[in-house]
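S.K.: sharing a sequence plus its predicted fold:
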Amino acid sequence: MRLSGVRISFVTYSTRPRGSVVHTLALAEALAAQGEDVTVWALGRDGDDGVFRPVDPAVRVRVVPAPAREDDFGRRVTGSIRALADAVEVSSADVVHAQDCIAANAVPRCVRTVHHLDTFTTPELVACHDRAIRRPIAHVCVSRAVAAELVAGWGYRATVIPNGVDFDRFARATTDVAGRAAWAERIGRPYVLAVGGIEPRKGTLDLVETWARLQSTHPEPVLVIAGGETLFDHRPYRAEVERRCAELGVEPIVLGPVAYDSLPALVAGAAVFAFPSTREGFGMAAMEALAAGVPVVMRDLPVLGDIFYGAARFASSPEGFAAQVAAALDEPAPALAARGRALAARHTWEAAATAHRAFYARVLEQGQARAG
């Protein structure tokens, strides 16, 4: 069976530049370019009436107003699920594709991309996470490592379709003299960059510990952290990061959200890209840094080793991160950089869209995904 003009509805929990949302928009555009009829439904928080970047007009974007923010995280999640469930129109779609836990709880008879698997402790959230795995009729994972976790934990076999990367956008930033100069003037010193905000999954505390060790031997660079909030309430963790920074004398520059058009120059201007995440499904931000020719130091996780081996440096502890960041600052590695660019160039959204079309065709052939 070949797809042609199949009506695909993506559903995502946010309008903001989190990894799964970046994935959703890029994949939607690539599918539309291949002739599919694509709508993106996104939950807009705090008055958001659009997604974080311009989207190809061939893709329809529908923003669903989120309920007022609840202090209780469980109620925040259930309120988000209800808002999407009440608003998303699935009857006109051939394939409904949930991109996260909240979306998979909100829409019936969906397929789902499992970007990574979370660990919760409260019974309500454990049940919500479990339903988001069990309810979908078919699954996609962005890496073999996550697919293996899905088999081990639930017995479900997923189709593995790696993420793409907007290679040209980040590669062009290497010659964006004005953009890089603007960041250099704002930051004032050479910098090591981490993207993803301050949160446990991004390993920010380990990054602070790394910097405390590094600044005694490499006092010139400054640590820069970019990225905004997610749905989760990480205020206690951020307070712990601030406390530890004060204890260790670490003074990072925390940028918060960075505008879509400004991000590539920020990445391309970094001396090193630090990626100490404790849990990842693919590592899209690290792939963007490789496209920009920036050396990457990442945590030695199975999923990241599977994807990035031979193109990045790896570490497992603050001491190891400090040593690897120091090596990246001190020792140009043109062969490593070349492998990194080649790796990023191979991961295209066109290829991801082609693989998704084949996946949708199999699901439709089995009569699984027809909504209504």
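M.R.: Perfect, thanks for sending it.

S.K.: for the stretch 151-300 of the chain, which segments are assigned as helices?
M.R.: For the stretch 151-300 of the chain, the helices defined by DSSP state H, counting those that start in this stretch occupy 167-172, 177-187, 204-214, 235-248, 263-268, 284-291.

S.K.: most tightly surrounded among those helices?
M.R.: helix 284-291 (a mean of 26; mean count of other C-beta atoms under 10 Å). Just so you know, the C-beta spots here come from the backbone N, C-alpha and C atoms, and that holds for glycine as well.

S.K.: tell me the secondary structure for V140?
M.R.: strand (DSSP: H, G, I helix; E, B strand; the rest coil).

S.K.: renumber starting at 39 from here on
M.R.: With 39 as the first residue, the last one maps to V178.

S.K.: pretty sure it is touching H153, no?
M.R.: No: here V178 lies out of contact with H153, judged by C-beta atoms under 8 Å, at a distance of 9.4 Å.

S.K.: follow-up on the earlier one: out of the helices of the stretch 189-338 of the chain, nearest to A353?
M.R.: Nearest to A353 among the helices of the stretch 189-338 of the chain is helix 242-252 (8.4 Å), distances taken as C-beta to C-beta.

S.K.: show me what that closest one is packed against.
M.R.: With contacts defined as 3 or more C-beta pairs under 8 Å, 6 or more residues apart in numbering; DSSP states H and E, the packing partners of helix 242-252 are strand 260-264, helix 273-286, helix 356-368.

S.K.: let's have those in CSV, adding mean pLDDT and distance to A121.
M.R.: Below are the helices and strands packed on helix 242-252 laid out as CSV (pLDDT from 0 to 100; distance: least, C-beta to C-beta, whole Å):
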stretch, mean pLDDT, distance to A121
strand 260-264, 98, 28
helix 273-286, 94, 23
helix 356-368, 98, 40
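
S.K.: dump these into a markdown table; add distance to S129 as well.
M.R.: Below are the helices and strands packed on helix 242-252 laid out as a markdown table (distance: least, C-beta to C-beta, whole Å):
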| stretch | distance to S129 |
| --- | --- |
| strand 260-264 | 40 |
| helix 273-286 | 40 |
| helix 356-368 | 50 |
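
S.K.: how about these, which one is nearest A250?
M.R.: helix 273-286 (3.9 Å).

S.K.: nearest to P103, of the helices and strands packed on helix 242-252?
M.R.: Of all those, helix 273-286 comes closest under C-beta to C-beta, at 23.8 Å.
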